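Undergrad: Structural data only, the sequence is not supplied:
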């Protein structure tokens, strides 16, 4: 505990104090920038907003700005510590908004001890922000404040302490009930706690379908029953039950569900033992639950347990709710967060927990098995899919219920949210949209591999291609079932029993390679190998593209592909290209990153031409920088001369292509240096295609940026093959496989269009 205290204080103190900062989103580096950012240019958007107040969403940050407002009267487990001491918590809330949903936050701690003070402050704050998150305000003031603000303000107001646990806990409960085969309207539910969170959670469960006659709420004085005259208020009165029970222990006897939002250690083993079969126990008091999971397990082996802690399964964590609820509300400019939007968030979370869990999430939890079941009722907080499941559900509910100011196309909105997760996702957003128009048939020879199986299911879900897995169908399906992966829509082909087809492919391969030493027997033997069969499917038009390599070294895939499919006419050497995406700058293309170790000048020129064609097919104008350690002859050496010679070849063969060099990489990507020192350069802007003098430099450059920089890397894309073949790096992730299959689908489309 002392170590945690020391670490926490150091974390907040070291470097720049606190956890947040404000940064500009527009350039302010020149006098022109300053004149536009402030006087006199700023007057123009002011006039537009005065004429049409909703234009504030277009010309200011208001549409992506939330105020986290607290008076510090009920902070976490610390109680009424006041606004100043609550500031670290509110800053933390801002960090979560930004990290999980890209929402900017002003944390505002106010010296406003009464409900009326808070209400008036928020009314005055409304023009500044797009929404208000009320935080750590004592009960019953929090009920009054939220109710009044929802009626008075025209922006979303959400009290997370009330509704966050309700939304996430509701999702967990829906899934727990499904697992034990019980229905929400039939189960007996007992609450320990009658504060803001408990009251809101009980209300939410009623909206989801719980029977109010089967719900008992208990506080420090026992069950809240009809006619009780001690420590009652209108909010508790709503849940006054017609029950003879007068203690928590009596209420829990025979109950199906326990929801604890109270204090530590109020539940005993005996109480748990008295519950119905397959009890659901949500002990959510933090940091110490009403009863520890190990104590429950000591007396019940049929219980499903959730807590608010990260060191046990099924953490009911509010971060699964508020960032994404506000994201959806802000993006349709909702005027309120209503009950339908909250129920939509609950159902979206419950649905997502039943889906296959991506590799990135499992990796974050030391590759532990994560699949829908008793220990996995709701998504993990690090699961990036929550953003594009919950926010669209909230946005749709806002539009459906008439509280949205604008409508959005939900499919396009989901793609936009995916793209917001990083610059690489923005690149793949365009690729995905194009791939979906005419999904290609992509064969994946490593059909038994877990990453491939999971990626294939995701390809079907995304609609980017029609995946074909090679492997024994029963073994592939057995593995998919083990991983909890739904393979509907995924074709499985097993080559071994397909003698006629396999022999036909072998005969074609023999004819192609007979004068290169291949015998017919060897050709037939090769066709038992998945990569040869996959490549033959593509070579003979039975599939559109092949993606392989997750279990092999690059040459082990490239060599068979070249033997079976070969290069396209006019191409002597293939090349590999990676797309490198950075935040807030143009996409870069690196070549050759995978194939040619020491290319000569002619090969470098061919690599540049192949790269330029690929970039043009993406709708991007290529500007090629031929990279060396020298700038335009500043250091004479055979390598720099080789690069300069390649530039001369390119100028001769394609005079319209923007290409220059030899140049150092900082010269190529820095337009200012080109303008000031090398004004003769033929590049009209910074290079976006970098062709390196050798494989070592290119491969090292992209891997360094991938590992240590802020870049996201997509690829490699194999250029120059007669038909689409794309080779994964060994050990590629599920997202890598999905990305390359999407590229392969787009590649196949482009080739069909040009044929």
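TA: Done, it's in. Bear in mind that the values here come from a model prediction, so they are computed numbers and not experimental data. Numbering: from 1, shown residues only.

Undergrad: CA atoms for contacts and neighbours, from now on please.
TA: Will do.

Undergrad: Walk me through the domains of the chain.
TA: 18-160, 181-316, 320-419, 429-564, 575-720 (automatic domain parsing).

Undergrad: out of the ones you listed, nearest to residue 752?
TA: Taking Cα to Cα, domain 429-564 is the member of the domains of the chain nearest to residue 752, at 9.5 Å.

Undergrad: Quick one: end-to-end length of the closest one, please.
TA: Terminal residues of domain 429-564 lie 32 Å apart, using Cα to Cα, to the nearest Å.

Undergrad: can you give me the mean pLDDT across that domain?
TA: Averaging pLDDT along domain 429-564 gives 95.

Undergrad: and what of stretch 368-378?
TA: pLDDT averaged over stretch 368-378 gives 91.

Undergrad: buried sites along that stretch?
TA: 370, 371, 372, 374, 375, 376, 377, 378 (16 or more other Cα atoms under 10 Å).

Undergrad: Kindly report the same for stretch 459-474.
TA: 459-460, 463-473.

Undergrad: about what we covered before: name the member of the buried residues of stretch 368-378 with the shortest distance to residue 89.
TA: For these, the minimum distance to residue 89 (Cα to Cα) is 24.5 Å, reached by residue 378.

Undergrad: Look up how far residue 284 lies from the closest one.
TA: According to Cα to Cα, residue 378 and residue 284 sit 14 Å apart.

Undergrad: One more: residue 178?
TA: Between residue 178 and residue 284 the computed distance is 20 Å (Cα to Cα).

Undergrad: Between those two, which has more neighbouring residues?
TA: residue 284 (27 against 13; other Cα atoms under 10 Å).

Undergrad: List the residues that contact the more buried one.
TA: Neighbour list for residue 284: 259, 260, 261, 262, 290, 306, 307, 308, 309, 316 [criterion: Cα atoms under 8 Å, 6 or more residues apart in numbering].

Undergrad: circling back: so which of the domains of the chain is nearest residue 754?
TA: domain 575-720 (10.7 Å).

Undergrad: Surely residue 741 touches residue 468?
TA: No: using Cα atoms under 8 Å, residue 741 makes no contact with residue 468, being 11.2 Å away.

Undergrad: ok, residue 70 touching residue 138?
TA: No: in this structure, residue 70 is not within contact of residue 138 by Cα under 8 Å, at 9.8 Å.

Undergrad: between the two, which one's more packed in?
TA: Under the neighbour definition other Cα under 10 Å, residue 70 and residue 138 were set side by side, and residue 70 has more, 28 against 22.

Undergrad: where does that one land on pLDDT?
TA: 97.

Undergrad: Please name the bridge partners of it.
TA: On the basis of DSSP bridges, residue 70 is bridged to residue 109.

Undergrad: dump the residue contacts of it.
TA: 83, 86, 90, 108, 109, 110, 134, 135, 136, 137.

Undergrad: 6 Å - rerun?
TA: By Cα atoms under 6 Å, 6 or more residues apart in numbering, the contact list for residue 70 reads 109, 135, 136.

Undergrad: Past the helix or strand where residue 661 lies, which element shows up next along the chain?
TA: Element membership for residue 661, per DSSP states H and E: strand 658-663. Downstream of strand 658-663, the next assigned helix or strand under DSSP H and E is helix 665-669.

Undergrad: next structured bit after that next one?
TA: helix 671-677.

Undergrad: Quick check: buried residues in that next one?
TA: Neighbour-count burial for helix 671-677 [16+ other Cα under 10 Å]: 671, 674, 675.

Undergrad: ditto for stretch 557-575
TA: So for stretch 557-575, counting by 16+ other Cα under 10 Å, buried means 557-558, 560-561, 563-567, 571, 573-575.

Undergrad: so how far does it reach from one end to the other?
TA: By Cα to Cα, the extent of stretch 557-575 from end to end equals 14 Å.

Undergrad: residues in contact with it?
TA: 535, 539, 592, 595, 718, 719, 720, 721, 722.

Undergrad: chain center to it: distance?
TA: 36 Å (Cα atoms, centre = their mean, to the nearest Å).

Undergrad: Use 3 as the first number for this chain going forward.
TA: Taking 3 as the first residue, the last one we looked at is stretch 559-577.

Undergrad: circling back to that earlier point, avg pLDDT for the strand holding residue 663?
TA: Rounded to a whole number, the mean pLDDT of strand 660-665 is 93.

Undergrad: How about residues contacting it?
TA: So strand 660-665 is in contact with 625, 626, 627, 628, 629, 630, 632, 633, 634, 645, 646, 685, going by Cα under 6 Å, 6+ apart.

Undergrad: quick one: strands adjacent to it?
TA: With DSSP bridges as the test, strand 660-665 is paired with strand 625-629 (parallel).

Undergrad: Residues contacting the strand it pairs with, please?
TA: Contacts for strand 625-629 (Cα under 6 Å, 6+ apart): 660-667, 670, 689-694.

Undergrad: Nearest to residue 201, out of those: which one, please.
TA: Of the contacts of strand 625-629, the one sitting nearest to residue 201 (Cα to Cα) turns out to be residue 690, at 56.8 Å.

Undergrad: That closest one against residue 590, yeah?
TA: Yes: the criterion here is Cα atoms under 6 Å, and residue 690 meets it with residue 590 at 4.8 Å.

Undergrad: how about the domains of the chain, which one is nearest residue 748?
TA: Nearest of the domains of the chain (Cα to Cα): domain 431-566, 5.2 Å.

Undergrad: Ignoring the adjacent residues along the chain, who's closest to residue 154?
TA: Nearest non-adjacent residue to residue 154, counting by Cα to Cα, 6 or more residues apart in numbering: residue 125, 7.7 Å away.

Undergrad: The one you found is in what secondary structure piece?
TA: Residue 125 is part of helix 117-127, with elements assigned from DSSP H and E.

Undergrad: I'd like to know which elements the helix or strand following that helix is packed against.
TA: Note on helix 117-127: by DSSP H and E, the next helix or strand toward the C-terminus is strand 133-136. In terms of contacts (3 or more Cα pairs under 6 Å, 6 or more residues apart in numbering; DSSP states H and E), strand 133-136 is packed against strand 67-72, strand 159-161.

Undergrad: Could you pull out the buried residues of whichever helix or strand comes after the longest one?
TA: The element immediately downstream of strand 67-72 (helix or strand, assigned by DSSP H and E) is helix 84-103. Of the residues in helix 84-103, those with enough neighbours to count as buried (16+ other Cα under 10 Å) are 84-85, 88-89, 91-93, 95-99, 102-103.

Undergrad: hang on, the earlier thing: make JSON lines out of the buried residues of stretch 370-380 and add secondary structure.
TA: Converted to JSON lines, those look like this (DSSP: H, G, I helix; E, B strand; the rest coil):
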{"residue": "372", "secondary structure": "coil"}
{"residue": "373", "secondary structure": "coil"}
{"residue": "374", "secondary structure": "coil"}
{"residue": "376", "secondary structure": "coil"}
{"residue": "377", "secondary structure": "coil"}
{"residue": "378", "secondary structure": "strand"}
{"residue": "379", "secondary structure": "coil"}
{"residue": "380", "secondary structure": "coil"}
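
Undergrad: now, among these, which is nearest to residue 173?
TA: Nearest to residue 173 among those, with distances taken as Cα to Cα, is residue 380, at 6.8 Å.

Undergrad: Columns distance to residue 751 on top of the domains of the chain, output as a markdown table?
TA: Below are the domains of the chain laid out as a markdown table (distance: least, Cα to Cα, whole Å):
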| stretch | distance to residue 751 |
| --- | --- |
| domain 20-162 | 34 |
| domain 183-318 | 44 |
| domain 322-421 | 20 |
| domain 431-566 | 7 |
| domain 577-722 | 11 |
